[in-house]
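S.K.: Predicted structure and sequence below. I'll ask about it afterward.
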Protein chains: 2
Amino acid sequence: MHMVVMAGGSGTRFWPASRKDRPKQFLNISGKEPMLVETCNRLHPLARDEEIIIVLGENHLKQAQDLLEGRKVHFLAEPIGRNTAPCIGFGAIYASHLGCKGPVAFLPADHYIGKPGAFTGNLRDALDIADSGAIVTLGIVPTRPDTGYGYIRKSKHQDNRAYRVEAFVEKPDLHRAEQYLVSGEYLWNAGIFVATPETIMREIKRHLPKVFEGLERIRRALDTPRFQEEVLNVYEGLESISFDYGIMEKTREPVYVVPSDCGWSDVGSWESLFVLRSEEHDKDSNLAEGETILVDCAENFVSSRNGRMVACLGLKRCLVVDTQDALLVADLGRSQDVREIIRRLEINGIKHLL
Amino acid sequence: MHMVVMAGGSGTRFWPASRKDRPKQFLNISGKEPMLVETCNRLHPLARDEEIIIVLGENHLKQAQDLLEGRKVHFLAEPIGRNTAPCIGFGAIYASHLGCKGPVAFLPADHYIGKPGAFTGNLRDALDIADSGAIVTLGIVPTRPDTGYGYIRKSKHQDNRAYRVEAFVEKPDLHRAEQYLVSGEYLWNAGIFVATPETIMREIKRHLPKVFEGLERIRRALDTPRFQEEVLNVYEGLESISFDYGIMEKTREPVYVVPSDCGWSDVGSWESLFVLRSEEHDKDSNLAEGETILVDCAENFVSSRNGRMVACLGLKRCLVVDTQDALLVADLGRSQDVREIIRRLEINGIKHLL
């Protein structure tokens, strides 16, 4: 089975560990392996390396190749990021080109999955259902009234071994998110889709005809010397649009959702990583990695991966991330606001730290 | 007039900026010049460089010579620290040796003086009084009920243009410190003494006869090739004892105190330095030096002197000190407990950071 791993993000949420040229999917933020490598490994029960296509920014290609050296995964470089609709289309035509006849799973490279076995089981179900030509998505069973995710409203009753998607819903306010959680009818949209390349291209043709035209130009250039040039030409003219907004919210075809209770997280902030890695917390609920000394500290996330000694005294719920050239000290509960630091760096023209 | 600057301390209170081989007096903690240099400069209205004797640890001699390169101050190296009584005695015999006939001031190298003019004025008064053979001390007019300092009880009425010292008092508890403050009869003991070398040696002979013998052996070796060897031999056998405890609390001679309102601080912690440097605080009461970005931060002390960017987000009353090989992040109010970090470093055998 073919898998398209979308590794195009250039997130800044893990600054100072993440940078423009070293986004989250290339980081080992879980303390194990870089997220991209973990994502590929997680797919092994379903796909061999030869069946994995990684779509990513051209500027990150070398880095990804180094991380996965010696492995037979395919790399597909986008010269410019144009959001997920072109990315999924590009992946789809490349999967066809590789001889894929059945459904393909499209999934982000920078998500955390706590229960990989459950995840691949659900993905296998989705692939089975998508074989008939439907679009299937994985919906994460919510564990809290999160206001940071989009939701999927599912049908009350199962249909075709899954649920029908009744609606894709924007990020709700807390009150609504609480209602969603209690109702049991809503799932988190994790941006994981399964469909055959034919289905993907048919939907893109219907709802994003200009994107379709561009992708067809790329398809015709496959295996020719002008491939790279054509990709660049097409991408320069493409609109930037998400698959959710451009296709999923507009399609008139039935869409299915497989509920998944797989310990998923999009790891959107240092704080969410801190929570995810709770098994590594010490008796005072600190998460410390690298050379650290903690005295009278509780509930802190202290990361020293650069060999420097980080000593903490009397801290509570602080985030300390030490890197070679930059240090972040923050209220852990404010870690999602690290973008404000990025903004200041931009304003002050401190480009080498972006 | 001769001055003996006591630079023998090996404080650890400013870790990670201070280390065993780079104690506080060699640091530019005020953001201006190293404390030792500031101490020498402050004495200029009263003494030329040739009249300044710096007593310090042998291991710090090179460092001090570098700091004061090209200046004619004298350096007197102690092979082992034996507290202030031997140090003051050593300084006294060396001042005599340099031809000093009048009183000498003995003062620590690592104190902060906010009003240098007031300070040198008071010191001049003390030197005048000491000319008659008395021991005179500068007593700092207290500004708060501090429990970290020893106190001096002065006479109600002036005598000989100063006050008589009625008692040296140990560090009080808060209740007592408040009484001291209200009474107006108590001053802080800053460890600053003025007396002629003859008076110093007479008192040492009376109360610390073994120290006196040792110092006389050193005196006889002055200007001989065996000077350094003799200093080492003597110091190895000397007891470690403070001038306060060994002499001042025991002397039967009258002791005078000149009250001084000179903005003095012994700068005993990062927090006290933060308070001292309040003029440099930003509008949110942060003190930031070096490459820093502060977002939604108030009342923090952030020091980046090593060229690394230190970004802070949502912090209140935190201390962040970044150095080449170690970083401290602490609750600012706990900064006096940095010794606990030192203790952990010692326990873990991390000697290169001590």
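M.R.: Done, it's in.

S.K.: Tell me which residues of stretch A:324-341 come out buried.
M.R.: Neighbour-count burial for stretch A:324-341 flags A:326-332, A:334-335, A:337-338, A:340-341 (criterion: 16 or more other C-beta atoms under 10 Å in any protein chain shown). To be clear about C-beta, it is placed using only N, CA and C from the backbone, and glycine gets the same treatment.

S.K.: export that stretch as CSV, just CAs?
M.R.: Provided in CSV are the C-alpha atoms of stretch A:324-341 (Å, rounded to 0.1, in the frame of the first residue of the first chain):
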residue,chain,number,x,y,z
GLN,A,324,23.6,26.5,20.6
ASP,A,325,22.7,30.0,19.8
ALA,A,326,19.4,30.8,21.5
LEU,A,327,17.7,30.2,24.8
LEU,A,328,14.0,30.3,25.6
VAL,A,329,12.7,30.7,29.2
ALA,A,330,8.9,30.9,29.4
ASP,A,331,5.9,30.3,31.5
LEU,A,332,5.1,26.8,30.3
GLY,A,333,1.4,27.8,30.0
ARG,A,334,2.4,30.5,27.5
SER,A,335,4.4,28.2,25.2
GLN,A,336,1.9,28.6,22.4
ASP,A,337,2.8,32.3,22.3
VAL,A,338,6.4,31.6,21.2
ARG,A,339,5.3,33.0,17.9
GLU,A,340,5.5,36.4,19.6
ILE,A,341,9.2,35.8,20.1
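
S.K.: any residue of it up close to chain B?
M.R.: Yes: using C-beta under 8 Å from any C-beta of the partner chain, stretch A:324-341 comes into contact with chain B via A:325-331, A:333-335, A:337-338, A:340-341.

S.K.: returning to what we had before: which ones among the buried residues of stretch A:324-341 lie within helices?
M.R.: Among these, DSSP state H puts A:338, A:340, A:341 in helices.

S.K.: which phi and psi does the closest residue to the second one other than its chain neighbours have?
M.R.: Same thing as residue A:340. In this structure, residue A:340 finds its nearest non-sequential neighbour in residue B:295, 4.9 Å apart by C-beta to C-beta, 6 or more residues apart in numbering or on different chains. Main-chain dihedrals, residue B:295, degrees, to the nearest 10: phi -120, psi 120.

S.K.: so who does residue B:295 touch?
M.R.: If a contact means C-beta atoms under 8 Å, 6 or more residues apart in numbering or on different chains, then residue B:295 has A:337, A:340, A:341, A:344, B:311, B:312, B:313, B:314 as its contacts.

S.K.: any idea where the helices of the stretch 1-150 of chain A begin and end?
M.R.: A:35-42, A:61-67, A:84-97, A:116-130 (DSSP state H, counting those that start in this stretch).

S.K.: and the spatially most central residue of chain A, bridged to which residues?
M.R.: For chain A, residue A:108 is the residue whose C-alpha lies nearest the centre (C-alpha atoms, centre = their mean; 3.1 Å). In this entry, residue A:108 is beta-bridged to residue A:6, by DSSP bridges.

S.K.: separation between it and residue A:151?
M.R.: 17 Å (C-beta to C-beta, to the nearest Å).

S.K.: What parts of the stretch 1-150 of chain A come near chain B?
M.R.: Counting by C-beta under 8 Å from any C-beta, the stretch 1-150 of chain A sits next to chain B at residue A:16.

S.K.: ok, 6 Å please
M.R.: Counting by C-beta under 6 Å from any C-beta of the partner chain, the stretch 1-150 of chain A comes close to chain B at no residue.

S.K.: you'd agree residue A:35 is up against residue A:110?
M.R.: Yes: taking C-beta atoms under 6 Å as the definition, residue A:35 is a contact partner of residue A:110 at 4.9 Å.

S.K.: Compare the two (neighbour count), which wins?
M.R.: Shown here are residue A:35 and residue A:110; by other C-beta atoms under 10 Å in any protein chain shown, residue A:110 has more neighbours (27 against 23).

S.K.: Model confidence for that one, exactly?
M.R.: Looking at residue A:110, its pLDDT reads 94.

S.K.: Against residue A:8, how distant is it?
M.R.: Taken as C-beta to C-beta, the span from residue A:110 to residue A:8 is 10 Å.

S.K.: And residue A:218, by the same measure?
M.R.: 16 Å.

S.K.: Can you tell me how far whichever residue of the stretch 101-250 of chain A sits closest to chain B is from residue A:18?
M.R.: The minimum distance from the stretch 101-250 of chain A to chain B, using C-beta to the nearest C-beta, falls at residue A:148 (18.3 Å). Separation of residue A:148 from residue A:18 (C-beta to C-beta): 18 Å.

S.K.: neighbour count winner among those two?
M.R.: With neighbours defined as other C-beta under 10 Å, residue A:148 and residue A:18 compare such that residue A:18 has more, 23 against 12.

S.K.: mind listing what the more buried one touches?
M.R.: A:24, A:27 (C-beta atoms under 6 Å, 6 or more residues apart in numbering or on different chains).

S.K.: what are the phi and psi values for it?
M.R.: phi -90, psi 140.

S.K.: Look up the closest residue to residue A:290, ignoring the ones flanking it.
M.R.: In space, residue A:290 is closest to residue A:304, 3.4 Å off (C-beta to C-beta, 6+ apart).

S.K.: pretty sure that neighbour is touching residue A:287, no?
M.R.: No: in this structure, residue A:304 is not within contact of residue A:287 by C-beta under 6 Å, at 11.9 Å.

S.K.: Chain neighbours aside, what residue packs nearest to residue A:352?
M.R.: residue A:325 is the one closest to residue A:352 (C-beta to C-beta, 6+ apart), at 7.4 Å.

S.K.: What pLDDT does the model give the one you found?
M.R.: pLDDT, residue A:325: 95.
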